[in-house]
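Trainee: Got a predicted structure plus its sequence, pasted below:
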Amino acid sequence: DTGVSQDPRHKITKRGQNVTFRCDPISEHNRLYWYRQTLGQGPEFLTYFQNEAQLEKSRLLSDRFSAERPKGSFSTLEIQRTEQGDSAMYLCASSLVVGLAGSYNEQFFGPGTRLTVL
Amino acid sequence: AQKITQTQPGMFVQEKEAVTLDCTYDTSDPSYGLFWYKQPSSGEMIFLIYQGSYDQQNATEGRYSLNFQKARKSANLVISASQLGDSAMYFCAMREGNTGNQFYFGTGTSLTVIP
């Protein structure tokens, strides 16, 4: 399977603990995105990478959240001192964007990591 | 203002019938892309169809078609010949600009196909 993969699929943690999620994008894709989706809502943008550079962060991404993509391949999203409000599905997506050629920039999503903070 | 509005929280359709899921959008950028995704209960977002703002014709992909009305800023998804496997959440999304960095998603419509 050459799609986007995420690990773990489910994570239950206690409030105050740190958690880390991993995303492996489609191998030739240069862009990687993180989204958060709460129950009954659409995905909300958190941050994105162009290769290894983190180019944009949403104001939703508090200082307890940090994301990396050290070699421009897989990415990690860490949440420190988790709160109950962090409970959500965390989705990763990747896409291939070439120049400004008007590519429609379809994003391919992974299965998500469902976080429950007790 | 919401970038993407989906006003139908839930829809029901008889198997083999067609159904239209509504989506309106808000942008002042002349270049944008509109997308529909399906999210089954497993959680994965599955890309269905794309419409570019400069596309002259409505997009079609198999049983999916997008009714693009630019002046009204609407991009409704039409599913023909509904199947039981079509039961899922459907999200409309927009990307602003040619290579915009974020997608704006609506709140989704839950579609249930009745046998």
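Mentor: Cool, the structure landed. Note that the structure is a prediction, hence the values are computed from the model and not measured.
Trainee: Can you give the distance of stretch B:104-115 from its chain's centre?
Mentor: With C-alpha atoms, centre = their mean, to the nearest Å as the basis, stretch B:104-115 stands 9 Å off its chain's centre.
Trainee: Where does A:Ser66 sit, in terms of helix or strand?
Mentor: Using DSSP states H and E, A:Ser66 falls within strand A:65-68.
Trainee: got the CA positions of that strand in CSV?
Mentor: Only the C-alpha atoms of strand A:65-68 are listed here, as CSV (Å, rounded to 0.1, in the frame of the first residue of the first chain):
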residue,chain,number,x,y,z
PHE,A,65,1.8,21.6,19.8
SER,A,66,5.0,21.0,17.7
ALA,A,67,5.4,19.4,14.4
GLU,A,68,8.6,18.3,12.6
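Trainee: quick one: buried residues of that strand?
Mentor: If you call a residue buried by 16 or more other C-beta atoms under 10 Å in any protein chain shown, then strand A:65-68 has these buried ones: A:65, A:67. Any C-beta I mention is one placed from the backbone N, CA and C, and that applies to glycine too.
Trainee: Please spell out which residues along the next helix or strand after it are buried.
Mentor: Next helix or strand after strand A:65-68 toward the C-terminus (DSSP H and E): strand A:75-79. Buried residues in strand A:75-79, defined by neighbour count with 16+ other C-beta under 10 Å: A:75, A:77, A:79.
Trainee: Bridged to the residue of chain B found nearest chain A, which residues?
Mentor: Closest to chain A within chain B is B:Phe105: 3.1 Å, counting by C-beta to the nearest C-beta. Beta-bridge partners recorded for B:Phe105 (DSSP bridges): B:Ala93.
Trainee: any idea how far A:Ala67 is from it?
Mentor: In this structure, B:Phe105 and A:Ala67 are 19 Å apart, going by C-beta to C-beta, to the nearest Å.
Trainee: Run through who's touching the one helix or strand in chain B whose mean pLDDT sits lowest.
Mentor: When the helices and strands of chain B are scored by mean pLDDT, DSSP states H and E, strand B:103-105 comes last with a mean of 89. With contact meaning C-beta atoms under 8 Å, 6 or more residues apart in numbering or on different chains, strand B:103-105 is reached by A:33, A:42-45, A:107, B:3-4, B:35, B:37, B:91-96.
Trainee: Stretch B:17-32 now?
Mentor: With C-beta under 8 Å, 6+ apart as the test, stretch B:17-32 has contacts from A:102, B:1-8, B:11, B:13, B:34, B:36, B:52-54, B:67, B:72-82, B:90, B:92, B:94-98, B:100, B:106, B:109, B:111.
Trainee: got it, and stretch B:68-82?
Mentor: Outside stretch B:68-82, the residues that touch it by C-beta under 8 Å, 6+ apart are B:13-27, B:34, B:36, B:48-49, B:51, B:53, B:55, B:58-59, B:63-67, B:86, B:90, B:92, B:111, B:113.
Trainee: Then stretch A:60-77?
Mentor: Contacts with stretch A:60-77, where a contact means C-beta under 8 Å, 6+ apart, come from A:20-25, A:27, A:30, A:32, A:34, A:36, A:44-47, A:49, A:51-52, A:54, A:78-83, A:90, A:92.
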